[in-house]
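**Student:** Sequence and predicted structure, then a few things I'm wondering about:
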Amino acid sequence: MDKVVTCVAPVNIAVIKYWGKRDEHLILPLNDSVSLTLDCDQMHTKTSIIAGPLINEDSVWLNGQIMSIERNERLKKCFDLIRNLIKIQKGKNSQEEKWKIKVCSENNFPTAAGLASSAAGYACLVYTLANAFGLVNKDLPSIARQGSGSACRSIYGGFVQWTAGVDDQGYDSTAVQIAADTHWPEMRIIILVVNDSKKKTSSTVGMKQAVKTSELLKYRIQKCVPERTKEIIQAITDKNFEKFAEITMRDSNQFHAICLDTYPPCVYLNQVSHEIISFVHDYNEATGQVKVAYTFDAGPNAFLFIQQNDLSLFMSELVNVFPTVQPNSSYLRGIVSTLPN
Ligand code: DP6
């Protein structure tokens, strides 16, 4: 390879949350999750790679800073798995598996702020490596998963399900596309950036504590997620916004209830997040229909779902209540706004 290969991977927003692992090392989840991947021109990671016999060492740069591959077990694992795939797909005589690789990656949004940066980051790394070495794509979600669980969903566009599976080695834990991005073109995502600083408890640490200490987590996995997953897939297939919205909000609320049930508790939402939740419920009640849904990951920032026809009226109400909201019109499918902390 004598040229630089560059790819872009967008973030994905989970509507049924992944929270808890059944295998920490292989990154296998305790429950299925469902997400929507944003379009490529929105919040994304852009990764460039060059590899070849003249490169003298592996190196990874993220947002202009060099990262230690040796000290980052997940990064190292992704490199190892890709090299293994090169060996399998290109044959023993290929020298490419020995080539050193230079990676340069940039997020066009804040890293580690609960804005799904690791999902876009690892999906992009694995996808770009596969493209650079001309590898067949079938194993990519499971390699990206071993970088960061939610990354396996960003390999695909549109609506995606990551199945938990039961196999010890994780052969049945993979991401599949439920519906292409063209399936529900009226769907819009508004991202309200409440706080873009690095979160106090990472998702990895938060979910590990939850598995150890939360009673509610067990209930969620056994009694709630299987039915909810079926129902939301049906709602997506039927483009039933009301159903989609209710399940999305209930799942976000249950996820944050588990965070509070964790001991010591993980508090990701703040006062502004709660104001947004109330605002959405008041708005839906006033219109007599469910027009908007919210979901929050491991941070205070809100992801709102709404259909195009309802967008302008909702945005005018939103800026009335939160005057500092500044929709960024360069985001075609999503709208990113900034709110005070
Ligand atoms: C709240 O995928 O970041 O965003 O697998 O430990 O890297 P690791 O965790 P990560 O967790 C994401 C959690 C979430 C929900 C979700 O995206 O499903």
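**Tutor:** That came in fine, so what should we check first?

**Student:** Ranking helices and strands of this structure by mean pLDDT, which lands last?
**Tutor:** When each helix and strand of the chain is scored by mean pLDDT, DSSP states H and E, strand 334-338 comes last, with a mean of 54.

**Student:** Which positions in the stretch 51-200 of the chain make contact with the ligand?
**Tutor:** Contacts of the stretch 51-200 of the chain with the ligand, taken as Cβ under 6 Å from any ligand atom, map to 116, 118-119, 148-150. Where C-beta positions appear, they are placed from N, C-alpha and C, glycine not excepted.

**Student:** Tell me where the stretch 101-250 of the chain has strands.
**Tutor:** Along the stretch 101-250 of the chain, the segments classed as strands by DSSP state E, counting those that start in this stretch run 158-162, 175-179, 187-193.

**Student:** Could I get those strands in CSV, plus columns for mean pLDDT and mean neighbour count?
**Tutor:** Shown next, in CSV, are the strands of the stretch 101-250 of the chain (pLDDT from 0 to 100; neighbours: other Cβ atoms under 10 Å):
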stretch, mean pLDDT, mean neighbour count
strand 158-162, 96, 23
strand 175-179, 95, 18
strand 187-193, 89, 22
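
**Student:** Need those in TSV (columns: distance to residue 205).
**Tutor:** Converted to TSV, those look like this (distance: least, Cβ to Cβ, whole Å):
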stretch	distance to residue 205
strand 158-162	20
strand 175-179	23
strand 187-193	23
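
**Student:** for those, which one sits closest to residue 208?
**Tutor:** strand 158-162 (18.3 Å; Cβ to Cβ).

**Student:** Within the sheet, what are the partner strands of the closest one, with directions?
**Tutor:** In the sheet, strand 158-162 lines up against strand 33-37 (antiparallel), strand 175-179 (antiparallel) (DSSP bridges).

**Student:** And those strands: which comes nearest residue 158?
**Tutor:** Closest approach to residue 158 among the strands paired with strand 158-162 is made by strand 175-179 (5.3 Å; Cβ to Cβ).

**Student:** Could you report the pLDDT at residue 340?
**Tutor:** The per-residue pLDDT reported for residue 340 equals 53.

**Student:** What's the separation between residue 189 and residue 291?
**Tutor:** Note on residue 189: its distance to residue 291, by Cβ to Cβ, to the nearest Å, is 14 Å.

**Student:** In space, what's closest to residue 31 - neighbours in sequence excluded?
**Tutor:** Sequence neighbours aside, residue 225 is the residue nearest to residue 31 in space, at 4.4 Å (criterion: Cβ to Cβ, 6 or more residues apart in numbering).

**Student:** Could the C-alpha coordinates of stretch 169-179 be exported in CSV?
**Tutor:** Provided in CSV are the C-alpha atoms of stretch 169-179 (Å, rounded to 0.1, in the frame of the first residue of the first chain):
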residue,chain,number,x,y,z
GLN,A,169,-16.7,-16.9,22.2
GLY,A,170,-19.3,-14.3,21.0
TYR,A,171,-19.7,-15.8,17.5
ASP,A,172,-23.4,-15.0,17.7
SER,A,173,-23.0,-11.5,19.2
THR,A,174,-23.0,-9.2,16.2
ALA,A,175,-24.6,-6.2,14.6
VAL,A,176,-27.2,-6.4,11.9
GLN,A,177,-29.0,-3.7,10.0
ILE,A,178,-32.8,-3.6,10.7
ALA,A,179,-33.6,-0.9,8.2
